[in-house]
Every structure is written in C-alpha cells, then in structure tokens.
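Peer 1: Predicted model follows, preceded by the sequence.
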Amino acid sequence: MQDLVSLFVKSIFVDNMVFAYFLGMCSYLAVSKNIKTAVGLGLAVIFVLGVTLPANYLLNKYILSPGALVWLNPDYASVDLSFLSFIIFIAVIASIVQIVEMVVEKFTPGLYSSLGIFLPLIAVNCAILGGSLFMQERGYETLAEATVFGLGSGLGWFLAIVALAAIREKISYSNVPAPLRGLGITFIVVGLMGIAFMSFMGIKL
C-alpha cells in the first residue's frame, strides 16, 4: 500500500507530465485561458488516463509482450507482438476519448463548445500516449500500479493546467508590457512553474 501511495505522489509532483517531460503542451497552453475550460479538460484527461492505462496494461501483459500469448497455447511462447504497441495503445485511447466526447457533448454542451477541437485531440495528446509508454517501459508488475500511475499522472496534468489558468486569469488584469502579452508572459510563467516543480525532485519516496 505504501508503494502505491509513493507512486501516486511521485506521478503527480516528481514525474509531472507537463513540467518533468513537457508532454501535452499544445492543449496545456491553448486551453488554459480560463479556469472553467481548464478544469473540464483536466478532468477529461484524468478519466482518459485512469481508464486507458489499466486497459493498455492488460493488453500489454496478455497480448503484446514477448511470450504473452503462452496462456493461449504453449506453442505461442516465442510470439512477440510488441511492435503493435503504438497502434493498439492509440486505438484504445481514441476509443475512450470518443466516449468522453459524446458524454461531454450530451451533458455539458457549454463545456463542449468551450473546449472545441481540443477535446477530440486528447486522443493524440502526448501525455496520454506517454502514460501508456511509460507504463510499458517501467514494467509495472500489477494492475493496481498501472491504475495508480494513470490517475496520478492525470491529476498532475490537471493541477498544472488549473494552476496556469488561474494565473493567466489574474495576468489578464495586470499591466503586462506590450511585447510580453499573450503567449510571451505565459511561456515565462510556465518556465517559472517548471522550476518550482523541480523542487519536488528532491523528495525521496
């Protein structure tokens, strides 16, 4: 249990998808103009990571890994389908994102309109695919570890985009020099937030 808590905290702060690996920056910068849309997209990312990581873990363990098909037949022990990982992972992510898009459009059309093209683009969000690839590379041994890592990574991305959205809303009322208005000051803020998050790397978990 302690290992899962450590993994959860580490995936939020130490291995933050935005500040440690710079994944998902396109939608992170584009949808962080106000808190409402940032919260909506952040929750969608948490859900997608929380569902796709366990699903891709099971696919990787029982189908894609070298020798994973031995449960079907001992003759398949030499079969290696790991070259299909990218295609399978993306297919699972795209399916889950499509479900999320339909639910959001059905129940919160205002949020759906605010998010625009960036909601379906979660399917190609680097942070989503990166989560599955990190899970595969690090070789998490249990479904619980993969699930905790997915939820923690999603929550880390959520905190990052909501924090930036809150800062950008305040900046809109500030006297920012003309050359830095817009993305200029945003890049500076993101850089400072990244430096701040680097302090968490000293945590020993």
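Peer 2: Cool, got the structure.
Peer 1: Could you give me the buried positions within the helix ranked longest in the chain?
Peer 2: Ranked by residue count, the top helix of the chain under DSSP state H comes out as helix 143-171. Buried positions in helix 143-171, judged by neighbour count with 16 or more other C-beta atoms under 10 Å: 145-165, 167-168, 171. C-beta here means a position set from N, CA and C on the backbone, and glycine is covered the same way.
Peer 1: now swap in stretch 17-26 and tell me
Peer 2: Of the residues in stretch 17-26, M17, V18, F19, A20, L23, G24 count as buried by neighbour count, 16+ other C-beta under 10 Å.
Peer 1: so how far is the helix or strand of the chain with the lowest mean pLDDT from its chain's centroid?
Peer 2: The least trusted helix or strand in the chain, going by mean pLDDT, DSSP states H and E, turns out to be helix 109-115, with a mean of 79. From the chain centre to the centre of helix 109-115 is a distance of 20 Å (C-alpha atoms, centre = their mean, to the nearest Å).
Peer 1: and that helix, what does it pack onto?
Peer 2: helix 35-59, helix 85-107 (3 or more C-beta pairs under 8 Å, 6 or more residues apart in numbering; DSSP states H and E).
Peer 1: Need the winner for burial among these.
Peer 2: Of all the helices and strands packed on helix 109-115, helix 35-59 carries the top mean neighbour count, a mean of 22, counting by mean count of other C-beta atoms under 10 Å.
Peer 1: Specify the local secondary structure of the residue sitting furthest away from the middle of the chain.
Peer 2: Relative to the centre of the chain, the most outlying C-alpha is that of D75, 37.4 Å out, by C-alpha atoms, centre = their mean. At D75 the chain is in helix, as set by DSSP: H, G, I helix; E, B strand; the rest coil.
Peer 1: Output the below-cut-off pLDDT ranges for this structure.
Peer 2: By pLDDT under 70, the weakly predicted segments of the chain are 1-2, 124, 204-205.
Peer 1: The same query, at a cut-off of 80, please.
Peer 2: Scanning the chain for pLDDT under 80 picks out the ranges 1-2, 111, 114-125, 201-205.
Peer 1: My guess is D15 contacts R138. True?
Peer 2: No: using C-beta atoms under 8 Å, D15 makes no contact with R138, being 9.9 Å away.
Peer 1: what sits against the nearest residue to G152 once chain neighbours are set aside?
Peer 2: Of all residues not flanking G152 in the chain, S11 sits nearest, at 3.1 Å (C-beta to C-beta, 6 or more residues apart in numbering). If you count contacts by C-beta atoms under 8 Å, 6 or more residues apart in numbering, S11 has them with V148, F149, G152, S153, L155, G156.
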